[in-house]
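show me how the following folds:
(chains A and B)
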Amino acid sequence: MSERIPVLRIGDVLLVSIQTDLEDQSVLDLQEDLAERIVETGAQGVVIDITALEIVDSFVGRMLATTAAISRILDAETVLVGMRPAVAITLVELGLSLGGVRTALSLERGLAMLGRAGGVGAGRA
Amino acid sequence: MITAPAVPEGEQQTLPIASNDDVVRARQLVRTLAQQCKLSLVDQTKLVTAASELARNTLVHGNGGTMRVGLVDKGGRRGVSAVFQDTGPGIPDLELALTDGWTSGGGMGLGLSGARRLTDEFAIDTEVGRGTVVTVVKWTR
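Model prediction:
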């Protein structure tokens, strides 16, 4: 029985905060849950917070990249926030640069990035 | 190999790798040892990531197996060694399997080549029909 990661809705944005070391099935479940919630809520942005993750291996890295691609097709932008420096160093050496994934250093900056992209929140001038 | 073999220091622990949960446990055990060994945070992260790739290979490609880990010592230098063993189908073309991007399954093909880059020592022994043994070591600086 794999653990389900909560997907929170804040306005037009879905927030996922990964708090524990995930087994592979939970990672796949999260991807499906997110895609369903995007369509269900019409969310325009997704923020995935990985502050608590001590490692991102190729499986999780691939999931993050495909989730961003799936969200884009479903008309939502994804921002990955909170990656630890050691995780970034390791990911690049592993051979994964997450080229198609937007990143921000903190949750606050990630939300601001989605706001600037337009269409998300009421802050559009 | 010409280099002196790393001498196991203290107890070696063996963990079965038969499910996704075991891959998580393998990561946690390697992290604990990496901390005990006082590897730097970046080196801990690299070793745990490599262990995650190799444990998943053992599960997915080797049909399950074991991980044996422990602290090692070579000429006063300390390190963590991890040995992943399966009795699966083996790897017919090792050179190909170690190429970035080559995959036999649904992955990205970074598992073996990535694990090799992330560790200080990497040895692989494989035979078609018999299985695969991958040994990695990360040393303190």
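
is it fair to say A:Leu80 lies in a helix?
No: A:Leu80: not assigned to a helix; according to DSSP: H, G, I helix; E, B strand; the rest coil it is strand.

which of the three states applies to B:Ala123?
Assignment for B:Ala123 (three-state DSSP): strand.

in this structure it contacts B:Thr135, no?
Yes: if you go by CB atoms under 8 Å, B:Ala123 and B:Thr135 touch, sitting 4.6 Å apart. All C-beta spots, glycine's among them, are computed from the backbone N, C-alpha and C.

more neighbours: which of those two?
B:Thr135 (18 against 12; other CB atoms under 10 Å in any protein chain shown).

relative to B:Leu15, how far out is that one?
Distance of B:Thr135 to B:Leu15, computed by CB to CB, to the nearest Å: 15 Å.

neighbours around A:Glu93, how many?
16.

backbone phi and psi for the closest residue in space to B:Asp43 that isn't next to it in sequence, please?
Nearest non-adjacent residue to B:Asp43, counting by CB to CB, 6 or more residues apart in numbering or on different chains: B:Lys138, 5.8 Å away. The phi/psi pair for B:Lys138 (degrees, to the nearest 10) reads phi -120, psi 130.

now A:Val56
Dihedral angles (degrees, to the nearest 10) for A:Val56: phi -130, psi 110.

excluding its backbone neighbours, what's nearest it?
A:Val87 (5.3 Å).

confirm for me that that neighbour is in contact with A:Ile55.
Yes: using CB under 8 Å as the test, A:Val87 is close enough to A:Ile55 to be in contact (6.4 Å).

what about these two, which has more around it?
Legend: neighbour count by other CB under 10 Å for A:Val87 and A:Ile55, higher for A:Ile55 (25 against 21).

where in chain B is pLDDT low?
Low-confidence segments of chain B (pLDDT under 70): B:1-9, B:104-109.

50 instead, please
B:1-2 (pLDDT under 50).

spell out which residues of it are next to chain A.
Within chain B, the residues that sit near chain A (CB under 8 Å from any CB of the partner chain) are B:20-21, B:23-24, B:27-28, B:31, B:41-42, B:44-46, B:48-49, B:52-53, B:56, B:100, B:107-108, B:110-111, B:113-114, B:117-118.

what does chain A put close to chain B?
So chain A meets chain B at A:2, A:21-25, A:54-59, A:61-62, A:84-87, A:89-90, A:93-96 (CB under 8 Å from any CB).

just the buried residues of these.
A:21-24, A:54-59, A:61-62, A:84, A:86-87, A:90, A:93-96 (16 or more other CB atoms under 10 Å in any protein chain shown).

chain center to the helix or strand hosting the residue nearest to A:Val56: distance?
Taking DSSP states H and E as the criterion, A:Val87 maps to helix A:85-94. Counting by CA atoms, centre = their mean, to the nearest Å, helix A:85-94 is centred 17 Å from the centre of its parent chain.

bridging residues for the residue positioned nearest the centre of chain A?
Nearest residue to the geometric centre of chain A (CA atoms, centre = their mean): A:Ile48, 2.8 Å. Listed by DSSP bridges, the beta-bridge partners for A:Ile48 are A:Val16, A:Leu80.

residues in contact with it?
A:16, A:18, A:64, A:67, A:78-81 (CB atoms under 8 Å, 6 or more residues apart in numbering or on different chains).

same thing but 10 Å
A:Ile48 sits next to A:5, A:7, A:14-18, A:30, A:34, A:63-64, A:67-68, A:71, A:78-82, A:101, A:103, A:110 when contact means CB atoms under 10 Å, 6 or more residues apart in numbering or on different chains.

separation between it and A:Ala76?
12 Å.

who touches both of these two?
Common neighbours of A:Ile48 and A:Ala76 (CB under 10 Å, 6+ apart) are A:14, A:34, A:68.

ok, how many other residues are close to the second one?
What that stands for is A:Leu34. Neighbours of A:Leu34 using other CB under 10 Å come to 23.

where does chain A dip in pLDDT?
A:119, A:121-125.
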